[in-house]
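Trainee: got a predicted structure plus its sequence, pasted below:
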Amino acid sequence: MNILIKLVFAAFFLYIIYSCFLFLVQRRIIFPRYRISEFSDAKDKICGLEKIWLNTSSGKIESWFLPPASVHYKAGCPAVIFAHGNSELIDFWTEEFKNFAAFGIGVMLVEYPGYGRSEGNPSQKSITEAMISAYDLLAARNDVDSEKIIIFGRSIGGGAACALAAKRSSAILILKSTFTSIRSMASKFFIPGFLVKDPFDNLSVIKSYSKPVLIIHGKYDKTIPYAHGIALYKAAKNGKMITYDCGHNDCPPNWKIFWRDIELFLKGAGIIVDTSTT
């Protein structure tokens, strides 16, 4: 019996050490920016791209604005503000997001503190501050319709997107391959949720968000299980869900179909004009 008690205490002691270790290194796990060693020259290849430095308490944060390919709107164009995944940079998204520009939508790509060329360190607080700063600049532009701002987040960027949506108004919220909250993911590491420093409670934001929400998720996602997407969709007051036969980083499996689906959603929400009926 004494041996059994000793084994239980030893296991508990090792678990405490394990939990403390994860508590200390969790931001290196959630924000693995050190894995990203190469930057692109994407900004030099996009005609009209504006490089904007945001002044935040974390330091200078880089953001890029991609103008729409053509001007369809007299009172300013719709615009999307995008938050990327945890092992990505804004550099990775310029080519694909030309599709938004082709729809007549401006694009604001916001880097995270400590990522790429940006100063500071990533956390829910610092990322939210950067997103708010970028949003305020975007909404104040004369060439942007502040009533038609789309907030879009992928993976960890879904947390950044929801954090912004809780602080600023938007016309639409799009969440791709994201979670209900970081705390709900803690069980994967066998630690209690209260140890999570950056909870990113997306589910609470979705429950109170009244505008259209588009949830996109891969059915076979092992990084952020499909059940998270289902839960977000069910919590939305005005939600639509698109499911693809894919995992996490291979979502969507077909980008042409993805952009067709996005276009249909934006037309249905009145963000872009359906010229085929005019």
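Mentor: Structure's in. What do you need?
Trainee: hey, where'd the strands end up in the stretch 1-150 of the chain?
Mentor: With DSSP state E, counting those that start in this stretch applied, the stretch 1-150 of the chain shows strands at 50-56, 59-66, 77-83, 106-110, 144-154, listed in chain order.
Trainee: over to the stretch 151-278 of the chain?
Mentor: Under the criterion DSSP E, counting those that start in this stretch, strands of the stretch 151-278 of the chain are mapped to 172-176, 213-218, 239-244.
Trainee: please enumerate the helices of the stretch 51-200 of the chain.
Mentor: Under the criterion DSSP state H, counting those that start in this stretch, the stretch 51-200 of the chain contains helices at 98-102, 124-139, 156-165.
Trainee: which positions in the shortest one come out as buried?
Mentor: If you call a residue buried by 16 or more other CB atoms under 10 Å, then helix 98-102 has these buried ones: Asn99, Phe100, Ala101. Heads up, the C-betas are built off the backbone N, CA and C, glycines and all.
Trainee: which among the residues you listed gets closest to Ile150?
Mentor: Using CB to CB, Phe100 is the member of these that lies nearest Ile150, at 8.6 Å.
Trainee: sketch out the low-pLDDT regions of the chain for me.
Mentor: In the prediction, the chain carries residues with pLDDT under 70 at positions 1, 37-45, 71-74, 274-278.
Trainee: JSON lines for the buried residues of helix 98-102, including distance to Ile52?
Mentor: Conversion of the buried residues of helix 98-102 to JSON lines gives the following (distance: CB to CB, whole Å):
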{"residue": "Asn99", "distance to Ile52": "21"}
{"residue": "Phe100", "distance to Ile52": "17"}
{"residue": "Ala101", "distance to Ile52": "17"}
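Trainee: from those, pick the one nearest Pro67.
Mentor: Ala101 (6.8 Å).
Trainee: excluding chain neighbours, what is closest to that closest one?
Mentor: With CB to CB, 6 or more residues apart in numbering as the measure, Ala69 is the residue that lies nearest to Ala101, at 4.5 Å, once sequence neighbours are left out.
Trainee: coming back round to it: give me whichever of the strands of the stretch 151-278 of the chain is most buried.
Mentor: When the strands of the stretch 151-278 of the chain are scored by mean count of other CB atoms under 10 Å, the highest mean neighbour count falls to strand 172-176 (a mean of 27).
Trainee: and the angle from that strand to strand 239-244?
Mentor: Between strand 172-176 and strand 239-244, the angle formed by their directions is 30 degrees, by axes from the mean of the first three to the mean of the last three CA atoms, to 10 degrees.
Trainee: centre of the chain to strand 172-176, how far?
Mentor: Offset of strand 172-176 from its chain centre (CA atoms, centre = their mean, to the nearest Å): 8 Å.
Trainee: contacts for it?
Mentor: Outside of strand 172-176, the residues within contact range by CB atoms under 8 Å, 6 or more residues apart in numbering are 150-155, 158, 161-162, 165, 202, 206, 209, 211-217, 229, 232, 251, 262, 265-266, 269, 271.
Trainee: that strand pairs with which strands, and in what direction?
Mentor: Here strand 172-176 is paired, per DSSP bridges, with strand 144-154 (parallel), strand 213-218 (parallel).
Trainee: in JSON lines, list those strands along with distance to Phe65.
Mentor: Converted to JSON lines, these look like this (distance: least, CB to CB, whole Å):
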{"stretch": "strand 144-154", "distance to Phe65": "9"}
{"stretch": "strand 213-218", "distance to Phe65": "22"}
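Trainee: check contacts around Ala134.
Mentor: If you count contacts by CB under 8 Å, 6+ apart, Ala134 has them with Ile52, Leu54, Ile61, Ser63, Ile81, Met108, Val110.
Trainee: do that again at 7 Å, thanks
Mentor: Leu54, Ser63, Ile81, Met108, Val110 (CB atoms under 7 Å, 6 or more residues apart in numbering).
Trainee: does the last one touch His84 like I think?
Mentor: Which is Val110. No: in this structure, Val110 sits apart from His84 without contact. The criterion is CB atoms under 7 Å, and the distance is 8.4 Å.
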